[in-house]
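Chemist: Quick one: sequence plus predicted model below, questions after.
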Amino acid sequence: MNGAVEAADIIVIGEVVAPAAGEGARVRPEAFLKGPARAQDLVLLPPQETPNCPPAELATGSRVLLLLLATDKGIAWPAPSQVFLLEDGMARHMAPADEDPLEDRSEDQLVSLIRGQTEQYAVPAESRSEGAGIDWWSTIVPVGVASLGLLAVGFYLMRIWHRIDPS
């Protein structure tokens, strides 16, 4: 599992939604465990059928944890070993039984295991108001007032000093 987490560019928990024409699949992200968090759907490239590694099956409406690779063309379709199906609080690895050394575990255990390696858990903002910002009334205004107060005290002390030593 450690090698798969390190090799992945993006690790996301999300729901598979219906793709648009010509797209492989869309994943609506709930949380990112690795990679940049963004609120837009992740668009996967259409699957590439290879004899050694068939593409994973992603059913529309299913909730999944994906270990994805980014290419210069986009986000590659995952192999079965890069997909965990999340149902009823359990995480079922989609790799074939003969190559799957991981037993099924709870979703919390899997997320904790991955989060322990990536040290990331980011939930994308739903709207601009939820995004990163600064609260003017509790941050900027008090700091501005304090700065002006220090400047006023400095000018007052400088005026007193020039009375003592006018040079």
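Modeler: Arrived safely, thanks for sending.
Chemist: Could you use CA atoms for every contact and neighbour count after this?
Modeler: Fine.
Chemist: how far is the strand or helix carrying Leu33 from where the chain is centred?
Modeler: Counting by DSSP states H and E, the secondary-structure element that holds Leu33 is strand 25-34. Averaging C-alpha positions (Cα atoms, centre = their mean, to the nearest Å) puts strand 25-34 8 Å from its chain's average.
Chemist: Stretch 138-151 too?
Modeler: 35 Å.
Chemist: Give me the mean pLDDT for it.
Modeler: Looking at stretch 138-151 alone, the average pLDDT works out to 95.
Chemist: Check this protein and tell me which residue is nearest its centre.
Modeler: Phe32 (2.8 Å; Cα atoms, centre = their mean).
Chemist: Local confidence estimate at that one?
Modeler: Here the pLDDT value assigned to Phe32 is 92.
Chemist: low-confidence ranges in this protein?
Modeler: Filtered on pLDDT under 70, the chain yields the residue ranges 1, 21-22, 49-51, 96-103, 128-132.
Chemist: just the helices in it please.
Modeler: Per DSSP state H, the chain has helices spanning 2-7, 107-118, 141-164. These are given in chain order.
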